[in-house]
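J.: I would like to see how this sequence folds:
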Amino acid sequence: MRRADEDDFRAYVADRMDRWRRSAFLLCQDWHTADDVVSVAVARLYRSWGTVSRADNRDAYAQRVLTRCWLDERRRPWNNREQSWAQVPDTVGVAQDVTDRDGLAALLRSLGPRQRAVLVLRYYLDYSVEETAEVLGVSAGTVKSQSARGLANLRVVLDGQS
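T.: Residues are numbered from 1 along each chain as shown. Model (predicted):
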């Protein structure tokens, strides 16, 4: 990759890293997995930067890559993922900023992965039905039905909490 292309790539990624990380967290509900998904997505974007840099909408292309990386992560067999250990290391971790977002996270966890992805793309990232369909590789009708079902499921959960 030429130096100018690499500088362009670095600037592009630096400007969007926080948004991608928040978006990935909303999809997977775990900061560590979100960081892994973003890392894989950045690597894929780097490998195909020539194509990405010429895309009409770089952000849509990148979000499609990020969302597909998350969907791929969900398909990985459990035994290929990192394993937990019985003893916690003695090091102290940095606390995440915990606010009322916990309620949103719990609501999103109540949804299946496809509905969660549709709702995050449509209502958090403000994608159109067509853009969401393109990112997920499904039809616009599927996006509409998954949105309706996801919102209905959220209403059921919210009614149960009242």
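
J.: where's residue 17, which helix or strand?
T.: In the assignment (DSSP states H and E), residue 17 maps to helix 3-28.

J.: Flag the shaky bits of this structure, pLDDT-wise.
T.: Applying pLDDT under 70 to the chain flags the ranges 1, 76-102, 162.

J.: coming back round to it: mind listing what's buried along the helix holding residue 17?
T.: 9, 12-13, 16, 20-28 (16 or more other C-beta atoms under 10 Å). In short, each C-beta sits where N, CA and C put it, glycine included.

J.: repeat for stretch 42-56
T.: Of all the residues in stretch 42-56, those buried under the rule 16+ other C-beta under 10 Å are 42, 44-45, 49, 52.

J.: what ranges do the helices span in this structure?
T.: 3-28, 31-47, 49-54, 58-75, 101-109, 113-119, 129-136, 140-161 (DSSP state H).

J.: can you list the domain ranges for this structure.
T.: 1-76, 101-162 (automatic domain parsing).

J.: ok, the most centrally placed residue in the chain to residue 127 distance?
T.: The residue lying closest to the centre of the chain (C-alpha atoms, centre = their mean) is residue 24, at 2.8 Å. From residue 24 across to residue 127, the span is 15 Å (C-beta to C-beta, to the nearest Å).

J.: Quick check: the residue nearest to the centre of the chain vs residue 62, distance?
T.: Residue 24 is 12 Å from residue 62, where distance means C-beta to C-beta.

J.: who touches both of those two?
T.: Between them, residue 24 and residue 62 share these contacting residues under C-beta atoms under 8 Å, 6 or more residues apart in numbering: residue 41.

J.: Noted, bye for now.
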